[in-house]
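In: let's see this in three dimensions:
(chains A, B and C)
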Amino acid sequence: MADFMTNVFFVQLVNGLFIAAGIYLVASGLSLVFGVLGILNFAHGSLYMYGAFFVFTYVGFTAGDFWPALFIAPLAVVVLGIVMEIIFLRPIYKADPLYQLLLTYGLVLIFGDLVKLIWGAENQSVARPEGFEGTVTIAGSLFPSYQIFVLLPAGFLTLIGLYLFLNRTAVGRTVRAATQDREMIGALGVNVRLLYTGVFAIGAFLGGLGGAVLAPMGALYPGMDFDVIIEIFLVVVLGGLGSMAGTALGALIYGELKSFGILFVPELESVFIYVLMAVVLVARPQGLLGKKVEGGH
Amino acid sequence: MILEVNDIYTSYGLSQILFGISINVDEGECVALLGRNGVGKTTTLRSIMGLTAPRQGSVIYKGADITGKAAFRIAKLGVGFVPEERRIFPDLSVRENLEAGRKAAATPHAKEWTIDRVHEIFPVLEGLASRKGGYLSGGEQQMLTVGRTLMGNPDLLLLDEPSEGLAPLVVRDLGTQIARLKDEGMTILLCEQNAKFATGLSDRAYILEKGQVRFGGTIDELQENEEIRQQYLGL
Amino acid sequence: MEPLSQARAAYRDPVLWCFLAVMALMFWVPELIIYMGWADFWIIFLTEVFIWSLFAVAFNLLMGYGGLISFGQAAYLGIGGYTAGLLLKYIVWMNFYVALIAAPIGGALAALVIGYFCIRRTHIYFAILTLAFGHIVYLIAFKWYDFTGGDNGLIGIPVPDWVKDPTFANYYKFVLVITMIAVYLLWRIVNSPFGKTLTAIRENEVRADFVGVDVQRFKLYAFMIAGAFSGLAGALIMINERSVYPDLAHWTQSTQVLLMSLLGGVYTFFGPVVGAFLLLTLDADITQNYPEIWQLFLGGILVLILFGLPGGIVGFIQERDETSADDQVTKMNKLIAQFSRKTWYFFIGAVVFTAFFAILQAPDSWWISEDWDFELLSLVTWGIIPRTVLQAVVGAALLWWLLRGVRSYQLLFRWLLLAFTVLSLVLQMYLETPLSGLAIVFLWNIYCFYVLFQDDIRQAFSDGVPAAAEDAAREAAD
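Out: Sure, this is the predicted structure:
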């Protein structure tokens, strides 16, 4: 019995990691964009959705060639993101944050219906790549091999990659400086506009990558953008807006809570997690690793 | 003349701050911008730097009109801005803060600024290289801000209230260091409430009151003009 | 001025009485519809418009007066609907009116709990938290099969016989009266010292705090009031359909009400009513013809409004006036520059909207007709896109021409601009793209309304507000 319980515990723990890796892939881009640009991008979920649908299209065209899509789909999303940044976001960087939120919200609605027009309103799916359809046994439990060999490494590599980029490169240093004082970084001779577009492109890439990696794991449908946006908002807010490490931590907590929540309150597991997060936010409004309570905004 | 500000009017949203400010700075000079709190000293610097574009008037730097250009372009032309309240990047280490300011000089410098050279001027920063900016004392932060801007090899340095909120002893140190910069040939436009500190460093001074220039002249002229000194500086 | 006498003066507000008079006249509209032999659909439709007007006005208490944008207001709609629905469905002896009264109470209590978590956070955080809590409510309704029936909803909710009359006229009248009363109450609230304090908090929270207002408490009250009236609206919708589904609490409903407020004008009390009417009309039209693109349409309108209104809607709260230190010529030049930007805005809007709807109407006719490459003559049979481009060019040219007079004939210019909106409508109808024409004209009107009359609106809103608000705030603090 005790053995069984340990086993269940282990399985849920790993499942929690899967959820965390998936949500982190998507949320990291949102967090980065918010940290630097100060815009909470509602349409980030749309970028994620387009990443997934681009994979669907690519795999359809090439008759099952999945791996290149992992790179090509996010790149296509980057193009979309850059266009969006230049046309819609550039004029409003100095506007009220709520104005920005409303605008990106309008974009969500447009992107959402465009997906319906382009790909139809039905559910679509992407087959798992060859060799990753089955399961692997780890410590006596079965796990889907795609999650173990693709999803977890992708999440982990993104985490490491972002860390190295931000902390070990000159551009990353500038990006970090920009999260702390945007005006000052401009006065020091950095082209802030270009930096913003670049950061938004990276954020879009991460969003698209999240969609691409998650595409074979579930159905693709119009509305998946909104399902994910609330989750990643919560993860980012829980971790602390603007804190990259906080986003990773938030994703981990979210994943494990969700995974174990299914054990205890199977019917209302999603409700359970929202409520727990609300409690955390009341106890620590700035988020787990957030620096300060927001002032006037 | 390296900098020429002609009759600029600047406002923040509803409230107009500057009403026709004209000042100029010659190469190699240190010019002080004096006045009480809220008379528009900072706004003048921000207008020059392009952080708050003036609505009217022009800013000429090295013969080129830079009015309303983006701050980063002005910075690349060789204007270095040291903001008030020591706006360092708190989560970056001291070294990273300095690195963040690094950029090529607009005109070839005899000696490019390096971290070592900044350490020469501000020796105290050397021992703090890996400490986060947010954990420095006020004086150290101020030196870091100046050092960070120097890393961009500026030809003209805009210093905004460097002595604000610092202990007298630290202010004295800072004064020596700024004087040293000036001796090395740096052109400086210095905003100060602390008139004593600023006049000790400067060749000329302007006095601002309610967004207008009330006095402009050499330090000696200012010293002789009892009335102006009493009225605007309380000295 | 004494706050009280000012409040009394406000009661003589002609707009309120106009509204109430129009509503009162609408009492006999069902008779008219039946007499004229029109479809019963219009009675149901108007009933829905009333309910949504009520919902939108309640929502706007938060957005327009409190500066709090709730992205989850539909939660209270759902809670109201489910409260009344569950009571009527499961408690046999439940009285219809008691259930109806329970709905706003349920809404207010839910708002109290949720508001406790959300209200402390401002702006973006508030928006996200309301969104998340709204989603919780939706999920509960969606997943808790034993209690709410899950996605099957609650159906066959018993209602009194008089509600079930075949022409729906009784319920129409019932909703009409309730809406009148509720809107009047909301109007009283907005014009009371409480409402003024709320506005003062929106304008400057720190200052309100300084003069001793308990900011959090006031926001929470506003949140509860909005929740209560939203709950009432939810119950009315439930009774109208005699069933309730989780979709009532879905985020799309929150979007809809947000759009209504934005469309109608956030800083006018009755703006949301106008917005509700316009949006539902468009909804009825578009969902009938192109159900796939309703969200796209909403999003397009939202983006266009945000870009089309200088300074934006929210900027409107923050910045009360352009700097007036400019001389007349500079001001005019600015105006002209702004309007030439608007010409482009109009141009692009016309192209996008017309082309889009035209393509949907006739998928094959959107470019030049098929045999264009051989028959020179067939070039004349223009496709819809070339036609649209032409139309936008003509529109923009006309606009530009009209704007030349801006320097000297400002008053004339106002009227010409208004005339232009009618002109564009005629143009649209002539070109047989009525729906998109409606959309464009509609946006154009909003824009003109704001540009031409925003000074008046502003004046009406800011007249003595700072002083009065502070008085009221002090009073409330004692």
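
In: next, whichever residue of chain C sits closest to chain A: phi, psi?
Out: Using CB to the nearest CB, the point where chain C gets nearest to chain A is residue C:299, with a distance of 2.9 Å. (C-beta placed from N, C-alpha, C; glycine too.) Backbone torsions for residue C:299, taken as degrees, to the nearest 10, come to phi -60, psi -40.

In: got it, and residue B:59?
Out: Summarising the backbone geometry of residue B:59 under the convention degrees, to the nearest 10, its torsions are phi -120, psi 120.

In: give the contact list for the residue of chain C closest to chain A.
Out: A:105-113 (CB atoms under 8 Å, 6 or more residues apart in numbering or on different chains).

In: and those residues near chain C, which?
Out: With CB under 8 Å from any CB of the partner chain as the criterion, the subset of the contacts of residue C:299 in contact with chain C comprises A:105-113.

In: so which of these belong to strands?
Out: Judged by DSSP state E, those include no members of strands.

In: list the contacts of the residue nearest the centre of chain B.
Out: Centroid-nearest residue in chain B: residue B:159, 1.4 Å away (criterion: CA atoms, centre = their mean). For residue B:159, the set of contacting residues under the criterion of CB under 8 Å, 6+ apart consists of B:82, B:146, B:178, B:188-191.

In: residue B:215 and residue B:189: what is the separation?
Out: As judged by CB to CB, to the nearest Å, residue B:215 and residue B:189 stand 16 Å apart.

In: and those two? Which one has more around it.
Out: Under the neighbour definition other CB atoms under 10 Å in any protein chain shown, residue B:215 and residue B:189 were set side by side, and residue B:189 has more, 27 against 20.

In: am I right that that one sits in a helix?
Out: No - going by DSSP: H, G, I helix; E, B strand; the rest coil, the assignment for residue B:189 is strand, not a helix.

In: tell me the pLDDT at it?
Out: On pLDDT, residue B:189 comes in at 90.

In: for chain B, what's the nearest residue on chain A?
Out: When scored by CB to the nearest CB, chain A has residue A:189 as its residue closest to chain B, at 3.7 Å.

In: now do the same contact list for that residue.
Out: Contact criterion CB under 8 Å, 6+ apart gives B:72, B:75-76, B:103, B:152 as the residues in contact with residue A:189.

In: from these, which is closest to residue B:30?
Out: The shortest gap between residue B:30 and any of the contacts of residue A:189 belongs to residue B:152, at 19.0 Å (CB to CB).

In: mean confidence for the helix ranked longest in chain B?
Out: With residue count as the measure and DSSP state H as the assignment, chain B has helix B:168-183 as its longest helix. When pLDDT is averaged along helix B:168-183, the result is 85.

In: okay, buried residues for it please.
Out: Neighbour-count burial for helix B:168-183, counted by 16 or more other CB atoms under 10 Å in any protein chain shown, picks out B:170-171, B:173-175, B:177-178, B:181-182.

In: for it, name the packing helices and strands.
Out: helix B:115-121, helix B:138-150, strand B:187-192, helix B:195-201 (3 or more CB pairs under 8 Å, 6 or more residues apart in numbering or on different chains; DSSP states H and E).

In: try it again with 10 Å
Out: The contact analysis (3 or more CB pairs under 10 Å, 6 or more residues apart in numbering or on different chains; DSSP states H and E) places helix B:168-183 against strand B:30-34, helix B:115-121, helix B:138-150, strand B:156-160, strand B:187-192, helix B:195-201.

In: how far away from the center of its chain is the fifth one?
Out: The chain centroid and the centroid of strand B:187-192 are separated by 4 Å, computed with CA atoms, centre = their mean, to the nearest Å.

In: next, the angle strand B:156-160 makes with it.
Out: Between the axes of strand B:187-192 and strand B:156-160, defined by axes from the mean of the first three to the mean of the last three CA atoms, to 10 degrees, the angle is 10 degrees.

In: from residue C:302, how far out is the residue of the stretch 101-250 of chain A at minimum distance from chain C?
Out: Residue of the stretch 101-250 of chain A nearest chain C, by CB to the nearest CB: residue A:109 (2.9 Å). Residue A:109 sits 7 Å away from residue C:302, taking CB to CB as the criterion.

In: next: residue C:257.
Out: Separation of residue C:257 from residue C:302 (CB to CB): 13 Å.

In: let me see the contact set for the nearest residue to residue B:178 once chain neighbours are set aside.
Out: Closest residue in space to residue B:178, ignoring its immediate chain neighbours: residue B:201 at 5.7 Å, by CB to CB, 6 or more residues apart in numbering or on different chains. Taking CB atoms under 10 Å, 6 or more residues apart in numbering or on different chains as the contact definition, residue B:201 lies against B:30-32, B:159, B:162, B:174-176, B:178-179, B:181-182, B:188, B:190, B:192, B:219.

In: ditto for residue C:113
Out: Contact partners of residue C:113, counting by CB under 10 Å, 6+ apart, are C:133, C:227.

In: now do it, the pLDDT please.
Out: In this prediction, residue C:113 carries a pLDDT score of 90.

In: before we move on, what about residue C:378?
Out: Here, the pLDDT recorded for residue C:378 equals 39.

In: residue A:160 now?
Out: Looking at residue A:160, its pLDDT reads 93.

In: host element of it?
Out: When elements are assigned from DSSP states H and E, residue A:160 belongs to helix A:152-168.

In: put the alpha carbons of that helix into PDB.
Out: Provided in PDB are the C-alpha atoms of helix A:152-168 (Å, rounded to 0.1, in the frame of the first residue of the first chain):
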ATOM      1  CA  LEU A 152      10.700  18.400 -20.500                       C
ATOM      2  CA  PRO A 153      14.000  19.100 -22.300                       C
ATOM      3  CA  ALA A 154      12.400  21.900 -24.200                       C
ATOM      4  CA  GLY A 155      11.200  23.600 -21.000                       C
ATOM      5  CA  PHE A 156      14.500  23.000 -19.300                       C
ATOM      6  CA  LEU A 157      16.600  24.200 -22.300                       C
ATOM      7  CA  THR A 158      14.400  27.400 -22.600                       C
ATOM      8  CA  LEU A 159      15.000  28.100 -18.900                       C
ATOM      9  CA  ILE A 160      18.700  27.600 -19.200                       C
ATOM     10  CA  GLY A 161      18.900  29.400 -22.500                       C
ATOM     11  CA  LEU A 162      17.000  32.400 -21.200                       C
ATOM     12  CA  TYR A 163      19.100  32.500 -18.100                       C
ATOM     13  CA  LEU A 164      22.400  32.400 -20.100                       C
ATOM     14  CA  PHE A 165      21.100  35.000 -22.600                       C
ATOM     15  CA  LEU A 166      20.000  37.400 -19.900                       C
ATOM     16  CA  ASN A 167      23.000  37.000 -17.600                       C
ATOM     17  CA  ARG A 168      25.900  36.200 -19.900                       C
END
